[in-house]
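> next one to model:
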Amino acid sequence: MPDIGLPELLIIIGILVLLFGAGRVAELGGALGRAVREFRRGLRDEDEALGQSERRQNGQEPGPAAPAGDGSYRH
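Modelled structure (predicted):
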């Protein structure tokens, strides 16, 4: 499988600029950057949530508090 180098990328970017215009290509690049940032943030949040869950299971971090009540059951 051939590798894509700098000359090939420049040709692709040039074709995109010709097709969509410089403003639209810049807008697409910004949108792509925001999407990548949100994806990474989601992965990081998921890893943190998983880590907290594992710490609770190992007894290193207290879990959520039990609801306060008088101990009686009402139906």
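> and the longest helix seen in the chain, what does it pack against?
Ranked by number of residues, the top helix in the chain under DSSP state H is helix 22-57. With contacts taken as 3 or more CB pairs under 8 Å, 6 or more residues apart in numbering; DSSP states H and E, helix 22-57 sits against helix 6-20. Backbone N, C-alpha and C define where each C-beta goes, glycine included.
> quick one: the helix it packs on to chain centroid distance?
28 Å (CA atoms, centre = their mean, to the nearest Å).
> list the buried residues for it?
With burial defined by 16 or more other CB atoms under 10 Å, not one residue of helix 6-20 is counted as buried.
> going forward can the numbers begin at 748, since that is how I track them
Yep, numbering from 748; the last one is helix 753-767 now.
> now it: mean pLDDT?
Mean pLDDT, helix 753-767: 92.
> which residues are in contact with it?
Residues outside helix 753-767 that contact it (CB atoms under 8 Å, 6 or more residues apart in numbering): 772, 775.
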